[in-house]
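K.L.:
Have a look; sequence and predicted model below, questions after that.
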Amino acid sequence: GCGTTAKPGTDTASTPAPQAQAAQPAAESASKDFTLYVAESFDKALAKSFEEKTKIKVNIVHIATGDLIAKIQAERNNPHWDVAWFDGATSMQSLNKQGLLLKDWSPANVSNYTSLGKELIPSDRAFFPTHVTAAAAIAYNTNAVKKEQAPKDWSDLLKPEFKNSVAMNDPSVSGPTYPFVAGMLQQLGEAKGKQFFQDLKANGLKTFPKNPNTLQSLLTGATKAIMIQDTAILNSKTKGDPVEIVYPASGVPMLYGTIAVSPKSSRMDAAKQFVEYVLSPEAQKQMVDPKVGEADSYYLPIIQGVEMSPQRPTQEVKWLNVDVIKGSEAENELKKWFHDSIVQ
Amino acid sequence: MSLKARKLKMSSRSGSMTALYNKSKRLLNRWSVQGLGSLPGLLLMAVLILYPLASLLLQAVFPHLFDMEMSWEPSLTSIAAVLTDRTNLIAVMNSAITGVCAAVVATLLGTLTAYAAWKSDGKVKACLQLSVWLLFFSPSYLIAQGWIIFMQNGGIAVQLFGLQAGWSDWFFSRFGLILVMGFRYFPFVHLSMSQAFAQLGEEYIRAGRMLGANKRVLFTWIVFPLLTPAWMAGASIAFAEGFGDFGMAAAITPHSHVPTITYRIYTALNQAPVNYPDASVLSAIVLIVTALALWLQFRWMKRSSYTLVSTHTKPMESKGPAWGAVWTSYAILLFAVLLPFGSTLTVSLWKTWSGGIAGSNWTLAHYAALLDTDGEVLAAIMRSLAYALVVAAATLVLGLMISFQMTFFQNKINKAMDTIILSTMAIPGVVLAAGFVFAWNATWLIPLHLVLYGTPVCLALAYMASALPYSVRLQLGAMSQLSGNLLTAAQVLGARKTRVLRVIVLPLIRMTVMSSFVLTFIHTFFELPASAMLYPAGQPPLPVAIAARFNSFDWPAGSAMAVEGMAVLILIYLLTHRWLRKPDGRKEAADNRIKRETAPLQTAERTRQTLHL
Amino acid sequence: MAARKPPTIGLSGKRRRCKRLSAPGRHYIFRRGTMHIQIERIHKRLGGRSILQDVSLQVKKGQFTVLLGPSGCGKTTLLNILAGLTDIDEGEIHIGGKLYSAPGYTMPPELRNVGMVFQDFALWPHMSVYDNVAFGLKVLRMADKEIKERVADVLQLVQMQAYPDHYPHQLSGGQKQRIAIARAMATRPEVLLMDEPLSSLDARLREQMRWDLLRILQDAGITSVYVTHDQHEALSMADEIVLLNEGRIEQTGSPVHMYRQPRSVFAASFLGAANLLEGTVTEYDRGVSVVDCGGLRVEVQDEDAVPGEKVTILFRPGAVEFASYGGTRPSGVSFRARIRQRAFHGSEWQYRVQIEESGSVSPSILIEAWDQSERSIGEYCELSVPLHSCRVIRGKYVVEHQR
Amino acid sequence: MAARKPPTIGLSGKRRRCKRLSAPGRHYIFRRGTMHIQIERIHKRLGGRSILQDVSLQVKKGQFTVLLGPSGCGKTTLLNILAGLTDIDEGEIHIGGKLYSAPGYTMPPELRNVGMVFQDFALWPHMSVYDNVAFGLKVLRMADKEIKERVADVLQLVQMQAYPDHYPHQLSGGQKQRIAIARAMATRPEVLLMDEPLSSLDARLREQMRWDLLRILQDAGITSVYVTHDQHEALSMADEIVLLNEGRIEQTGSPVHMYRQPRSVFAASFLGAANLLEGTVTEYDRGVSVVDCGGLRVEVQDEDAVPGEKVTILFRPGAVEFASYGGTRPSGVSFRARIRQRAFHGSEWQYRVQIEESGSVSPSILIEAWDQSERSIGEYCELSVPLHSCRVIRGKYVVEHQR
Ligand SMILES: Nc1ncnc2c1ncn2[C@@H]1O[C@H](COP(=O)(O)OP(=O)(O)OP(=O)(O)O)[C@@H](O)[C@H]1O
Ligand SMILES: Nc1ncnc2c1ncn2[C@@H]1O[C@H](COP(=O)(O)OP(=O)(O)OP(=O)(O)O)[C@@H](O)[C@H]1O
Ligand SMILES: [Mg+2]
Ligand SMILES: [Mg+2]
């Protein structure tokens, strides 16, 4: 063994050493635990409190969203997971389409959702939203752009004063960016939506891989305004960077965390219990704490009775719910289009 | 007569000696009754590599093989789709161009460092060799991260030198990728060139000088053509690596606007809906192209059979190191080793990434996390350590047995093994790992209680699968240097196979055995793709933990873990190194037919060990 | 061909071990004179080629037999067959009356009581001299004490008792070879096989080792088969030479017999410097033929010649006698010649002379001749070869098995 | 030490080229007899050790000089110095009257008109035979047509005209060696240097190549310096032997002189089989000493001996005469001995005999003797050595430069 002794009820790291755990397929495991495939940063804290509460141990598999989806799909005929939790409803929907998610079950506390939250539940109830962020909002550098000149809406970024100084992420790389693109197309209509991005490109749009790169370009002054996930902007602002956030008036595409249960789960009860726990105010109160979720904690709660993080602006936002089914179907094609005509 | 001189003389005099060894090796055939001895090795290969690989590649033709309801219904749509997509063609071209350019850069750098190492001795040489080996062993994703940390807007370079933001845009492009790849892969060229320089033979040059040739003529007519095979060997491996590179391209140039073939695989595997049939067709393309490159190079080497004629090289009359080359090499190594690792180390000492180099931002907190109460970091390190130890030991034993069988008993099975081993080296790690998921999670294994997927055993097997070919080739190289008579002598005295392996072969190739152990150890310790895909729930090994930090842009914490990992390795290296240097009478394993160093060319034959994302 | 297991084979490894161990301590001497190794009409094919064809051979106990032949003639193959490293396609091999090899059956080397010495010594570089020599004994699971004694004995035999703790790289070539011999002899094999054991030593050492090796083997009285392609080695060491050529036995016999009475051109030229003249028998009378070699008239003792027959005349360079210029002497052949090249060898001069054209004699004939006195290049001299020193050779591949 | 540039050096590469080219076409013959290479008291130190000490040497034009000596004695170093590959610490080297090396000045090899043949051929494996041979000519920028002719000529000279398109790996050892010689001779160097050129060939081929090499060099009349550690090669090939020992010249002279009149024990034993007996002078009278060697009384021609002096007696095995058992003959030394070992060499038998104890004679003395007749081991015989065949040797390192 590798020397760590098991301390029941503590974190995942103190599970028995690899050698100690015999080659038992998870499907036959009778122990009181279940497996969580997760790409959210809240995982450890929630697992811990859940364990304390229910004495059910959570086996966490925390890997990047892409790997997570690939793994779930590779396991499709013999799944090893009980609960999956990651951002991106479209990806979840694509798994759902293959019949990999438990449908038609609702958590006992489903009524606790805010109205916004309820909107987001798919009709077949294959997965549930856990928290909401803006797939993209506008951030500008307060040193470079005066408050009066600040963009108010997406279309403001086409103005000549933002020529060659707007940036966004590449949707093929950055998870949150696809809902943004899909949402824009949904809102403007496909042709106009594509035209919007082409116009942006004509105005000198830059694309970077992920949030931090794009944010960095803003902070260093290489760009004046960027379109990235709002939590990243809020996080930067909280740290004192010269950044201001703008939720465009015409509508902000949503990106929300989704959680689902495997229909083949052998610990269905525990899995369901965990989902209900995540949707409980008790768990959500931990999630809004930046010490637990770091940047992700600046999300918009959709559970009643949960205060959002004080750093998040209280202003009213016009949310745009991206059609998950359509978005999922068009995902590959749209990403390819974006990559071929905007990134290139 | 000095012993050394006599030995040299002996080896030169009997040119027929090697032929003799080969003969006696052939004569040992009798030992393996119809090649039965090779069967266990083949079986192992099948379980470790062929079965998982087939599980994935078969999906190109049978896309529903692993559906909820398994079906052997064939479909060529994936193949047709992949092959008819123009972007794929462009991607292949892009990868080829990147690979070729990276190979050129690597060749230039590797030749220079090899030359410097050849021309120098003592501490200078040791320093050069050590740095190259360090780089050779380093996991690519760490190096890539190091470069990114340094070059990025707001990265260390900008802060250190007060550079304009955006100065490094050129770097995050194909150009930068080629540069980083060149700096990453030049050790392959270095190793094969070192060998070539050592074999070059002072007489070849002297003979030219005696005929009035000046330096230019000597170089263009004699040195250059004689070095060409080694160049080809090193460059073709650098090409193969560059072509099949997974992590570096993903890390450095995702927005380079140049799709590469591996990028296409990445998309197929990492974007919903994941398309395994497409991924397997694309992987097959990578496999074919890299195998083709290596095959062409082997063929070329064979055609110019003179490369196999080794000459009697007299020791150089040392006129001191070529300082120009040495300093240039130091500069290269500074870029290749110090820059990425230095950046990683620096960042690991920052409180936050955005805090930068400012005085208040320095902290040891990330290292203190090692001793955290929850012990997550420590546990991950211990876990990886355990995996690495077990896998390295098992790989070593199996690798020894297989290579022993392959070297001294030639039959059809062994020839097949050779092909399997060579070709598996061209498989991206992610692909092999995905294959493992399908192979060891298949429904037909459930009644057999053999669903290994999700257990530590499965992960360990995957580690072994990616390390074994490597280990076998390394030991094949060392064993081929052994005189068959050394074994025959033992056999005639009544020793059986296991005893010969244990008492004669093992001690004689001890250095190679140790270095292959270390190699597997390091490889396993930092292996990412298989770890991410296969780690048992709740028990993340170190690379997964590091990658998680990097993925959430917590560079300081991730870097600190990487540094801790490296520190563990260095510690182990120092311990084993000490132990290896233990003075004993065996120093003379270098008795002229047995090379003390592992045959670098064979080492360099390592292909496609994708350690990255 | 079905595997054929003879009844003598049932001996288990254990029993064999005891047998090997119970060999009379310290006395390696075997009764001489009986046939020890019997090789009967063996054939060996490899890769579609016949490597050995119809090879039959008897070796007496305690005898030193040399397999001589050019490179690739199959010497090593034959030795490996004796060692059990290679199987045979036809024929049988008995050693000490026991079947060792037959088609489909090869007693494995570890069960044979055979030692082997290699050209490249094949000492294990990571083991000390003691460990090298003790290896075979350890394999036999001898007691440590006994091993120590035996190793000391054998090292004594090869006069290397002072070097048990040395490693191979600390030894000179000759010392290494001695240890290789000691290692092979430690288990007291019935037969010692040696594959060009001296060829990697330099000339001076080689000569010294020849004497030493013979002394060691004589002391041990061991039956030995020795492979070489060097006729000096064969002539000076062998009790019996077996000359191989392209997988066949060309001739077998004692060194003197082989040197003086070669049965083929190949044997004649392979066993030492030879002057070979092709000619036609012109007369034959009472055991003496007259042969015309390009105009040179050679008389030679011969049985049953037919005039008109094509034959080859052989005489060795040492048999050529110099007469001072102008003198004449009766002999088998005499001619006038001019010295073209010469080489000094200490006790003798080696000359290459060209026969002078005179009448019908062809001027192109080059003769090698040895003499103790110095002569200069360009000098003319009268040379003659005694009648009894000339020999007639017929055919190219006369195979003989007689002694 | 300041670099010293002699005035003769100003010759540019171009001028030198013309000079090399203008050598008389096709005629390699130089005027014999004049001193061609002059080495004057050179010293060479490497790594703090003296590799060559006080070496002086003259080589006549067209002469074949052999540097002979044991391994590590500095032969290769001296050859490399002649080639310009190594510089010297003291002394001077002139070739053809021109300064080639002096302390601080070494004419680079590419400017010297010197050819070199390497032990392991050092043929460039990636070039055909033609390209190998033509290399030096191409470097000289000869016209293609001329190169072709010259290569054809040289290949003819070494009898390899049929192989221009072969690659080195397609050639046998002897053929490779011939091409190496051809390559070195193609540019018509003034001096040809050879470093153990035959030592990687097998015995048979080596002998053949000796004759061929001598013929080629004689035809070309080229001044040659030849390095070997094989005394047979030195004796049989050299016009003059230079015997080196530990960086010093031990003795210089013709092969016959060196063999018959060695000036030191080292020279005596290095140049061939030697019986060396240590003894004390007991009487001296009119040029004849009586020496007591372990009880054996040896008479020997000597100048100026002092009774009581320790000396060494040398006689060669070929000088030992066998008398039939019981007979006696007057001579320098005679004794009764018993044959211990023997070896057959075709024209001669080599015997190792042990002197029989009788009176004060020590029984441990082993003598080597050669004879043409066969004797058996254990046989007793009377042996004697003629007075004039015994020699007295004094001291160990008598250096002489006289011929
Ligand atoms: N495994 C094999 N397959 C085919 N041919 C072989 C094999 N082993 C040896 N031979 C051939 O058999 C012939 C005899 O080989 P062997 O090694 O016995 O020769 P040798 O007399 O020992 O030669 P040398 O003096 O060069 O050692 C050679 O022509 C060789 O090429
Ligand atoms: N670069 C060097 N540095 C120090 N010592 C050297 C060097 N090169 C040669 N020597 C020493 O000089 C001595 C003479 O070497 P050299 O090669 O001339 O010997 P050699 O007579 O040619 O021997 P061999 O017959 O083995 O070729 C040897 O003792 C050798 O160890
Ligand atoms: Mg052989
Ligand atoms: Mg030398």
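P.N.:
On my side now, so go ahead. What you see is a predicted model; the values in this text were computed from it and never measured. Ligands and ions are numbered 1, 2, ... in the order given.
K.L.:
where does the chain have low pLDDT?
P.N.:
Here I'm looking at chain A. A:1-31, A:344 (pLDDT under 70).
K.L.:
wait, I meant chain C there
P.N.:
For chain C (pLDDT under 70), the answer is C:1-34, C:324-330, C:358-363, C:395-403.
K.L.:
the domain parsing of it - what is it?
P.N.:
C:7-113+C:189-265, C:275-402 (automatic domain parsing).
K.L.:
The first one and chain D in contact?
P.N.:
Translated: domain C:7-113+C:189-265. Yes: with Cβ under 8 Å from any Cβ of the partner chain as the measure, domain C:7-113+C:189-265 is seen reaching chain D through C:202-203, C:210-211, C:214-215, C:229-230, C:232, C:235-237, C:255-256, C:259. Where C-beta positions appear, they are placed from N, C-alpha and C, glycine not excepted.
K.L.:
Those in strands, which ones?
P.N.:
Applying DSSP state E to the residues of domain C:7-113+C:189-265 next to chain D, no entry is found in strands.
K.L.:
Which ones among those residues map onto helices?
P.N.:
Judged by DSSP state H, helices contain the following of the residues of domain C:7-113+C:189-265 next to chain D: C:203, C:210-211, C:214-215, C:232, C:235-237, C:255-256, C:259.
K.L.:
tally of neighbours for B:Pro40?
P.N.:
B:Pro40: 13 surrounding residues under other Cβ atoms under 10 Å in any protein chain shown.
K.L.:
Quick check: which element contains it?
P.N.:
helix B:39-45 (DSSP states H and E).
K.L.:
And C:Gln58, by the same measure?
P.N.:
strand C:49-60.
K.L.:
Check B:Ala325 too.
P.N.:
Going by DSSP H and E, B:Ala325 is in helix B:323-333.
K.L.:
Just give me how far that helix sits from the chain centre.
P.N.:
Computed by Cα atoms, centre = their mean, to the nearest Å, the chain-centroid distance of helix B:323-333 equals 24 Å.
K.L.:
same for it, what does it pack against?
P.N.:
helix B:86-119, helix B:122-137 (3 or more Cβ pairs under 8 Å, 6 or more residues apart in numbering or on different chains; DSSP states H and E).
K.L.:
Any buried residues in the helix or strand immediately after it in the chain, and which?
P.N.:
Using DSSP H and E, the helix or strand that follows helix B:323-333 in sequence is helix B:339-348. Counting neighbours by 16 or more other Cβ atoms under 10 Å in any protein chain shown, one finds that the buried residues in helix B:339-348 are B:339-341, B:343-348.
K.L.:
I'd like to check what contacts helix B:339-348. Which residues are they?
P.N.:
Under the contact criterion Cβ atoms under 8 Å, 6 or more residues apart in numbering or on different chains, helix B:339-348 has outside partners B:138, B:142-147, B:149-150, B:155-156, B:353, B:357, B:366-367, B:555-557, B:559-560, B:562-563, B:566.
K.L.:
angle of it against helix B:323-333?
P.N.:
40 degrees (axes from the mean of the first three to the mean of the last three Cα atoms, to 10 degrees).
K.L.:
how far does helix B:339-348 sit from the chain's center?
P.N.:
The answer for helix B:339-348 is 23 Å, by Cα atoms, centre = their mean.
K.L.:
so for it, what's the average pLDDT?
P.N.:
Computed over helix B:339-348, the mean pLDDT rounds to 88.
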